[in-house]
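J.: Provided below are the primary sequence and the corresponding predicted coordinates.
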Amino acid sequence: MSDSASPLAFARRGSHPHLENKRHYKYYDLVMACFVTVLLCSNMIGPGKSCALELPFNVPLIGSLIVFGAGNLFFPISYIFGDILTEVYGYARARKVIWAGFAAMLFYVLMSQVVIHMPGNPNEDYSRRLQPALEMVFGNGWRIVTFSILAFWVGDFANSYVLARMKVFTRGRYLWTRTISSTLVGQAVDSLVFYPLALANLAPLAQVLGITNPSFLKALDGWSAETVVQTVLFNWGFKVAVEVVFTPVTYGVVNWLKRIEHEDYFDRQTDFNPFTLKD
């Protein structure tokens with residue numbers, strides 16, 4: 001079906017340079033809340049834990065031992081919400097949601113650090129026993145916090161950009177090509193930023209560069225290169241596989257939202273600058 005012949009053609013926007021979309025949508029805020037919820041939950045406890053599963057067969061380039069970060073069990077769902085947002089409401093609206101997620105993660109970091117460092121009640125035994133657990137679970141070091149937020153920000157914008165561009169190129173057809181291709185790019189960027197920079201053992205590299213501060217070198221300690229490579233490969237493949245498996249669900253939600261919202265946004269003349277919040 002051609003672009004102009006689509007039943008939703010009357011609702012499509014983006015045909016004028018930097019046209020702002022001032023419409024109010026019924027479910028946009030709800031999708032945003034779902035996105036931020038998944039994002040926060042998957043980043044609160046999972047990133048620092050490396051899991052391993054022994055398979056009865058070998059996976060090419062990985063082997064039989066599957067190593068992955070625990071946070072990625074649910075994190076791919078946020079990309080599905082990101083795809084839905086861009087496909088239905090357009091890149092500019094998805095950009096606002098990405099920034100909302102970014103702000104939520106910053107607040108989570110601030111709140112967790114304040115709670116951890118507030119003096120506990122010395123007369124409460126439970127508080128004394130709980131403190132080490134709080135520090136272990138929510139007291140992630142500066143590397144994990146910094147690069148987790150950076151990886152999310154870069155990866156999600158890459159995902160949204162690819163999907164928006166491909167939608168115009170495909171004239172709104174073949175949704176599965178857009179969701180899978182954008183996930184391939186976005187999740188690759190996310191994993192390549194986060195795992196090597198946040199969790200790899202960078203202390204030897206720092207020493208080669210002449211850095212000798214013991215505290216700084218300790219902060220740069222981390223996973224072996226082999227673990228990082230295995231984790232990146234598996235997590236990238238796993239995230240893309242989740243996108244593929246959930247493609248029928250994505251189709252259903254996208255088509256339902258387009259029908260209910262009377263919207264099918266095309267980013268033909270969108271300003272793709274990530275540092276603006278214009279609709």
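T.: Done, it's in.
J.: which of the residues in stretch 89-109 are classified as buried?
T.: For stretch 89-109, the neighbour count (16 or more other CB atoms under 10 Å) marks 89-102, 104-105, 108-109 as buried. Quick note: C-beta positions are derived from backbone N, CA and C, even for glycine.
J.: cool, stretch 71-80 as well?
T.: Buried positions in stretch 71-80, judged by neighbour count with 16+ other CB under 10 Å: Gly71, Asn72, Phe75, Pro76, Ile77, Ser78, Tyr79, Ile80.
J.: repeat that for stretch 134-147.
T.: Phe138, Gly139, Asn140, Arg143, Ile144, Val145, Phe147.
J.: the fifth one is in contact with Ala198, isn't it?
T.: Yes: contact criterion CB atoms under 8 Å: Ile144 and Ala198 qualify, at 4.9 Å.
J.: would you format the buried residues of stretch 134-147 as JSON lines with distance to Gly237 and pLDDT included?
T.: As requested, these are arranged in JSON lines below (distance: CB to CB, whole Å; pLDDT from 0 to 100):
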{"residue": "Phe138", "distance to Gly237": "29", "pLDDT": "79"}
{"residue": "Gly139", "distance to Gly237": "31", "pLDDT": "74"}
{"residue": "Asn140", "distance to Gly237": "25", "pLDDT": "71"}
{"residue": "Arg143", "distance to Gly237": "24", "pLDDT": "84"}
{"residue": "Ile144", "distance to Gly237": "22", "pLDDT": "82"}
{"residue": "Val145", "distance to Gly237": "26", "pLDDT": "84"}
{"residue": "Phe147", "distance to Gly237": "21", "pLDDT": "90"}
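J.: could I get those residues as a markdown table with secondary structure and distance to Ile180?
T.: Shown next, in a markdown table, are the buried residues of stretch 134-147 (DSSP: H, G, I helix; E, B strand; the rest coil; distance: CB to CB, whole Å):
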| residue | secondary structure | distance to Ile180 |
| --- | --- | --- |
| Phe138 | helix | 34 |
| Gly139 | coil | 37 |
| Asn140 | coil | 31 |
| Arg143 | helix | 31 |
| Ile144 | helix | 29 |
| Val145 | helix | 30 |
| Phe147 | helix | 26 |
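J.: where do the helices sit along this structure?
T.: 28-44, 76-89, 91-117, 125-138, 142-169, 175-194, 203-208, 214-219, 225-245, 247-261 (DSSP state H).
J.: of all those helices, which one is nearest Pro56?
T.: helix 225-245 (16.3 Å; CB to CB).
J.: send the alpha carbons of the closest one over as CSV?
T.: Extracted in CSV, the C-alpha atoms of helix 225-245 (Å, rounded to 0.1, in the frame of the first residue of the first chain):
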residue,chain,number,x,y,z
ALA,A,225,38.8,-9.5,28.6
GLU,A,226,37.4,-12.9,27.8
THR,A,227,34.4,-12.4,30.1
VAL,A,228,33.7,-9.0,28.6
VAL,A,229,33.8,-10.3,25.0
GLN,A,230,31.6,-13.3,25.9
THR,A,231,29.1,-11.0,27.7
VAL,A,232,29.0,-8.5,24.9
LEU,A,233,28.4,-11.1,22.3
PHE,A,234,25.8,-13.0,24.2
ASN,A,235,23.9,-9.9,25.5
TRP,A,236,23.8,-8.4,22.0
GLY,A,237,22.5,-11.6,20.5
PHE,A,238,20.1,-12.1,23.4
LYS,A,239,18.6,-8.6,23.1
VAL,A,240,18.1,-9.0,19.4
ALA,A,241,16.5,-12.4,19.9
VAL,A,242,14.1,-10.8,22.4
GLU,A,243,13.2,-8.2,19.8
VAL,A,244,12.6,-11.0,17.2
VAL,A,245,10.5,-13.1,19.6
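J.: where does the chain dip in pLDDT?
T.: By pLDDT under 70, the weakly predicted segments of the chain are 1-21, 46-48, 69.
J.: quick one: the top strand by length along it to chain centroid distance?
T.: In terms of residue count, the longest strand belonging to the chain (DSSP state E) is strand 50-59. For strand 50-59, the separation from the chain centroid amounts to 24 Å (computed by CA atoms, centre = their mean, to the nearest Å).
J.: ditto for stretch 215-224
T.: Chain-centre distance of stretch 215-224: 25 Å, with CA atoms, centre = their mean.
J.: what's the separation between the residue sitting furthest away from the middle of the chain and Leu277?
T.: Residue farthest from the centre of the chain, counting by CA atoms, centre = their mean, is Asn123 at 41.4 Å. Noted for Asn123: a distance of 47 Å to Leu277, by CB to CB, to the nearest Å.
J.: that's all I had, so thanks and see you.
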